[in-house]
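Colleague: quick one, fold the following:
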Amino acid sequence: MGLKSAIKAFFKALKDEKSAQLFIEGKEEPKKEGDASHLRLLAALQRSGRIVDFFKEDISAYSDAQIGSAARKIHTECAKTLEELVTIRPLLAEKEGADIIIPQGYNPQEIKMIGNVKGSPPYKGTLRHKGWCVHKYSLPKDKMDSSVKVLCPAEVEVV
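Modeller: Just a heads-up that it's a prediction; the model follows:
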């Protein structure tokens with residue numbers, strides 16, 4: 001056992017003797033899957049508007065009118081599902097293109113300054129994108145088996 005492995009085993013033993021023993025024997029417990037809420041949201045968008053199908057389809061053979069027609073239906077269905085599960089609202093109320101002043105102490109996670117940014121706030125600029133923030137988050141509890149990442153089952157029509 002190398003020094004790095006020995007140190008890792010030591011710290012595992014401090015936290016959990018059983019896991020440390022499995023580690024030493026080369027039989028580490030399988031890592032638990034993390035939160036799969038992003039997959040549940042994607043699965044919901046697939047069920048309502050077949051969003052994955054749309055993104056995975058090679059659309060180069062279709063006319064702009066055909067793509068536009070398909071996109072309109074996908075947009076309508078997915079927007080409805082998104083509003084039900086994750087309500088998103090604008091970060092800033094002003095219209096895009098409006099002149100605004102960003103005060104000192106603004107949150108850089110909420111507002112990204114672009115262009116000729118010099119000195120320190122307040123900054124005067126033009127709003128290019130109002131940003132988005134989560135207002136309500138209500139995904140259903142995890143009903144997906146985390147070991148099987150099936151977003152949408154295959155469909156087979158029997159004739």
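Colleague: where's the spatially most central residue of the chain relative to residue 71, distance?
Modeller: The structure's the chain has its C-alpha centroid closest to residue 38; by C-alpha atoms, centre = their mean the separation is 5.2 Å. Taking C-beta to C-beta, to the nearest Å as the measure, residue 38 and residue 71 are separated by 23 Å. C-beta: built from backbone N, CA, C; applies to glycine.
Colleague: which segments of the chain make up each domain?
Modeller: The record assigns the chain these domain ranges, following automatic domain parsing: 1-31, 32-90+133-150, 92-130.
Colleague: can I get these in CSV including mean pLDDT?
Modeller: Rendered in CSV, the data for those read as follows (pLDDT from 0 to 100):
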stretch, mean pLDDT
domain 1-31, 67
domain 32-90+133-150, 86
domain 92-130, 94
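Colleague: my guess is residue 99 contacts residue 126, does it?
Modeller: Yes - in terms of C-beta atoms under 8 Å, residue 99 counts as a neighbour of residue 126; the distance is 5.8 Å.
Colleague: ok now the top helix by length along the chain, how far from the chain's centre?
Modeller: The single longest helix within the chain, with elements called by DSSP state H, is helix 64-85. Put simply, helix 64-85 sits 18 Å off its chain's centre (C-alpha atoms, centre = their mean, to the nearest Å).
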